[in-house]
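1. take this sequence and fold it.
(4 chains)
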Protein chains: 2
Amino acid sequence: MTELQRRPTLMDVAKAAGVSRALVSIVMRGAPGAAESTRQKVLEAARELGYRADSRARLLRSSRTRLLGLIFSSSQPFHAEIVDAAYAEASARGYEIALSAVAAGRPEARAIETLLDVGAEALIIIAPTLSTEELALHARRVPVVSLLREDVGGLVDSVSSDDYAGIRIAVEHLASLGHRQIAHVDGGTAVSSDQRREAYRAEMLRHGLVPVVVPGGPDEETGMRAGQALQADLPTAVIAFNDRSALGIMESFRAAGISIPADISVLGYDDSHFARLSYVQLSSISQDAPLLAAAAVDRAVDRVEGTLPPGRVVRTPHLVLRKTTGHAGAQKVDQN
Amino acid sequence: MTELQRRPTLMDVAKAAGVSRALVSIVMRGAPGAAESTRQKVLEAARELGYRADSRARLLRSSRTRLLGLIFSSSQPFHAEIVDAAYAEASARGYEIALSAVAAGRPEARAIETLLDVGAEALIIIAPTLSTEELALHARRVPVVSLLREDVGGLVDSVSSDDYAGIRIAVEHLASLGHRQIAHVDGGTAVSSDQRREAYRAEMLRHGLVPVVVPGGPDEETGMRAGQALQADLPTAVIAFNDRSALGIMESFRAAGISIPADISVLGYDDSHFARLSYVQLSSISQDAPLLAAAAVDRAVDRVEGTLPPGRVVRTPHLVLRKTTGHAGAQKVDQN
DNA sequence: ATCGTCGTCTAGATCGTTCTAGTCGAACCA
DNA sequence: TGGTTCGACTAGAACGATCTAGACGACGAT
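-> Numbering: from 1, shown residues only, chains lettered A, B, ... in the order given. Below is the predicted model of the structure:
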């Protein structure tokens, strides 16, 4: 049985250093107004006692926590990459990140409350599913940045990837390889699915090609079913909603003996972990998660520190070429 | 430009309801000592104002946050499943969960500090890599529960899955199918790798079989390399360190035209998302993440609320039979 | 000598809660 | 009637930080 020891307070440090609480506070915050010699003395005492400021008390008084709330979905591996990058950027700007996941039985609203309770000064929400009204409601209390979703009303910031441009790049890439029959497996009800589907339709028409949309979803299972549906009238190329979907599509082709990219080219979206696996080597549209995350953190910090109005940041995705796309009607190329 | 509105305080509610702060506090906490009639009156006023208790102030005074800190690794999909389950159990016991990820450039120590700063009353760490000394150091301040790692010293709780039993079940399953040449692709430096490797050796010997360990790792790439190494002298069955490794192994077999389970049986570990995919159907040892998570949360809460000493919880994993294991020397069975 | 200024430091109020120690009035009992 | 008990309520002190206002010496200018 261990005695849980009380954590040292400002007062303890002050006593040890023989100065007042206020001075210790000044030193710990790095604020001006302390002589260099005493500053050292205080820092020494603090280190000795293992002092760390109590963020609750600090916040209570100053309403500054230097804490950013980040909401992600635990079931989306792509979100994990964003989380990583956000940590890095936040710490570069002197902020910490508090995480909250949306999961089965844990809606976004709940995640938001938790973050607000621990004192987050701004909220970054990855692909929020809340209505713009609900988002606006929270945005009145605290800056809110929507990541990977654009149509979020005027009160909340958004940092997103240009879905239209991504799809344009995808269609152009495949068209330039000579493909004329390019299908799209959409993301069903997933965020961004509508935008990408419409962009696909528009871009196909612009190239004088006829768009074929097959209903899909954001995961392997729906991808596989779509892949099977596709086989009834096999196109020469397919653009998947995301990499997981692409994986399912490819699997269905593999089961049917259809070879990639000889018989059909497959293009993913997200450039996720899966796409990079050496035995997958999926060509994919990269949204550049680290950059997006950094941009979102930057906006959040800027909003917190300054008084600039909400705005939009849109980044253009780019193509990452691997081995699942090739010339239309090409002979089989070594796939591995 | 939105004016960020001040959130209402106890005092505001008190004024509105015409009572004292203290009484509002009593009502909001659901503590005894308020007449039913005034209780209603106060609740009404609070709802009207949209009052939510400021958790920082509350905590500052009461030193209770009802907040559990959970540390996971953003790169491990298996951890995500645990996070989900932990949320459910925590909320059932009236606690909230604060998440903190370890990622590249963000060590465990950092994650721990963040959680302590936001006021976590206990720490649950998934597969901690800290030394037992460092863990003990934190355990002096706050209850610490180690999840999926057992050798953590006497001061910290541990909730883990019985690796030995898991491997025993794996070997027994394969042996009962008539396999005599059963290889093991280990997890390299990953947590639990040593335990499973040694369990494998012991169990093989117990069955009078000769153990063959191939060095591997916790992901697809290392699994694939191990699979290639395996092909020099192909066994009839292989036990992978985890599902991701198994995926890599199977991929290497597929590339070489070795069919599963006709030519070789493959058994995974974790029963993760991947294993359940309809086109994978990987037989796997399940550690039952939801149960483990619930047990960890329970211990954390018990430690926080009571004064019981640190202890160990060990759960026995079980076999989930799918389509990648079959009789030794069996003819090819329909794999899909 | 007096005054203002500057750098360093401190006392005390304050943030929004909870907790302790009451006060107050009504009911009960002898 | 007077005392005790009890339920409902409140005043004021915490909690651990930050912030404001001002004290104190030293120094330079008048």
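2. quick one: the helices in the stretch 201-336 of chain A?
-> Listed in chain order, the helices found in the stretch 201-336 of chain A under DSSP state H, counting those that start in this stretch are A:220-230, A:243-255, A:273-276, A:289-305.
3. highest average neighbour count across those?
-> Across those, averaging neighbours per residue (mean count of other Cβ atoms under 10 Å in any protein chain shown) puts helix A:243-255 on top, at a mean of 24. Every C-beta, even on glycine, is put in place using the N, C-alpha and C of the backbone.
4. hang on, the earlier thing: nearest to A:E48, out of the helices of the stretch 201-336 of chain A?
-> With distances scored as Cβ to Cβ, the stretch of the helices of the stretch 201-336 of chain A nearest to A:E48 is helix A:289-305 (32.9 Å).
5. pLDDT below threshold where in the stretch 201-336 of chain A?
-> With pLDDT under 70 as the threshold, the stretch 201-336 of chain A has low-confidence stretches at A:307, A:330-336.
6. of all residues in it, which one is closest to DNA strand C?
-> Nearest to DNA strand C in the stretch 201-336 of chain A, going by Cβ to the nearest atom of the strand, is A:V304, at a distance of 18.2 Å.
7. so what's that residue up against?
-> Contact partners of A:V304, counting by Cβ atoms under 8 Å, 6 or more residues apart in numbering or on different chains, are A:68, A:121-122, A:143.
8. and these as TSV, adding distance to DNA strand C and neighbour count?
-> Formatted as TSV, the entries for the contacts of A:V304 read as follows, by distance: Cβ to the nearest atom of the strand, whole Å; neighbours: other Cβ atoms under 10 Å in any protein chain shown:
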residue	distance to DNA strand C	neighbour count
A:L68	21	28
A:E121	15	22
A:A122	19	24
A:P143	19	26
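9. which of these sit farthest apart?
-> The two members of the contacts of A:V304 with the most space between them (Cβ to Cβ) are A:L68 and A:P143, at 9.6 Å.
10. for the nearest residue to A:I125 once chain neighbours are set aside, grab the count of nearby residues.
-> Spatial nearest neighbour of A:I125, excluding adjacent residues (Cβ to Cβ, 6 or more residues apart in numbering or on different chains): A:I71 at 4.5 Å. Counted with other Cβ atoms under 10 Å in any protein chain shown, the neighbours of A:I71 add up to 25.
11. which element, helix or strand, includes A:I71?
-> With the criterion set as DSSP states H and E, the secondary-structure element containing A:I71 is strand A:67-73.
12. that strand versus helix A:289-305: what angle between them?
-> Using axes from the mean of the first three to the mean of the last three Cα atoms, to 10 degrees, one finds that strand A:67-73 and helix A:289-305 are set 140 degrees apart in direction.
13. touching DNA strand D at all, strand A:67-73?
-> No - interface with DNA strand D: strand A:67-73 contributes nothing (Cβ under 7 Å from any atom of the strand), its closest point being 13.6 Å away.
14. retrieve the pLDDT associated with the most centrally placed residue in chain A.
-> Residue closest to the mean C-alpha point of chain A, counted by Cα atoms, centre = their mean, is A:I82 at 4.0 Å. Here, the pLDDT recorded for A:I82 equals 92.
15. dump the residue contacts of it.
-> By Cβ under 8 Å, 6+ apart, the residues touching A:I82 are A:72, A:126, A:147, A:289-290, A:292-293.
16. quick one, phi psi at the nearest residue to A:V301 once chain neighbours are set aside?
-> Computed as Cβ to Cβ, 6+ apart, the closest residue to A:V301 that is not its neighbour in sequence is A:R93, at 5.1 Å. Note on A:R93: its backbone torsions stand at phi -100, psi 10 [degrees, to the nearest 10].
17. didn't A:R93 look like it was pressed against A:D302?
-> No - at 9.4 Å, A:R93 does not count as touching A:D302 under the criterion of Cβ atoms under 8 Å.
18. okay, and the common contacts of those two?
-> By Cβ under 8 Å, 6+ apart, no residue touches both A:R93 and A:D302.
19. tally of neighbours for the nearest residue to A:G18 once chain neighbours are set aside?
-> Nearest in space to A:G18, with sequence neighbours left out and distances taken as Cβ to Cβ, 6+ apart, is A:K41 at 7.9 Å. Using other Cβ under 10 Å, A:K41 has 18 neighbouring residues.
20. just confirm A:K41 is within a helix.
-> Yes - secondary structure of A:K41, determined by DSSP: H, G, I helix; E, B strand; the rest coil: located in a helix.
21. would you mind confirming that it makes contact with A:A17?
-> Yes - between A:K41 and A:A17 a contact is recorded at 5.3 Å, counting by Cβ under 8 Å.
22. residues near A:L155, how many?
-> With neighbours defined by other Cβ under 10 Å, the count for A:L155 comes to 18.
23. spit out the contact partners of A:D54.
-> For A:D54, the contact set (Cβ under 8 Å, 6+ apart) comprises A:7, A:9, B:60, B:117.
24. could I get those as TSV with pLDDT and distance to B:D162?
-> Putting the contacts of A:D54 into TSV (pLDDT from 0 to 100; distance: Cβ to Cβ, whole Å) gives the following:
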residue	pLDDT	distance to B:D162
A:R7	79	36
A:T9	91	44
B:L60	83	42
B:D117	79	35
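25. any of these buried? List them.
-> Buried residues within these, defined by neighbour count using 16 or more other Cβ atoms under 10 Å in any protein chain shown: A:9, B:60, B:117.
26. distance of the second one relative to B:G311?
-> So that's B:L60. Between B:L60 and B:G311 the distance, using Cβ to Cβ, to the nearest Å, works out to 31 Å.
27. same question, the first one
-> Between A:T9 and B:G311 the distance, using Cβ to Cβ, works out to 32 Å.
28. what's the answer for the last one, then?
-> Using Cβ to Cβ, B:D117 is found at 28 Å from B:G311.
29. so is A:V102 in a helix, a strand, or just coil?
-> Once three-state DSSP is applied, A:V102 turns out strand.
30. and it, bridged to which residues?
-> On the basis of DSSP bridges, A:V102 takes part in beta bridges with A:S73.
31. show me the contacts for the spatially closest residue to A:A256 that is not a sequence neighbour.
-> Distances taken as Cβ to Cβ, 6+ apart put A:Q231 closest to A:A256, at 5.8 Å, once the chain neighbours are dropped. For A:Q231, the set of contacting residues under the criterion of Cβ under 8 Å, 6+ apart consists of A:252-253, A:256, A:258.
32. got any ranges where the stretch 51-200 of chain A has weak pLDDT?
-> If you take pLDDT under 70 as the line, the stretch 51-200 of chain A has these spans: A:63.
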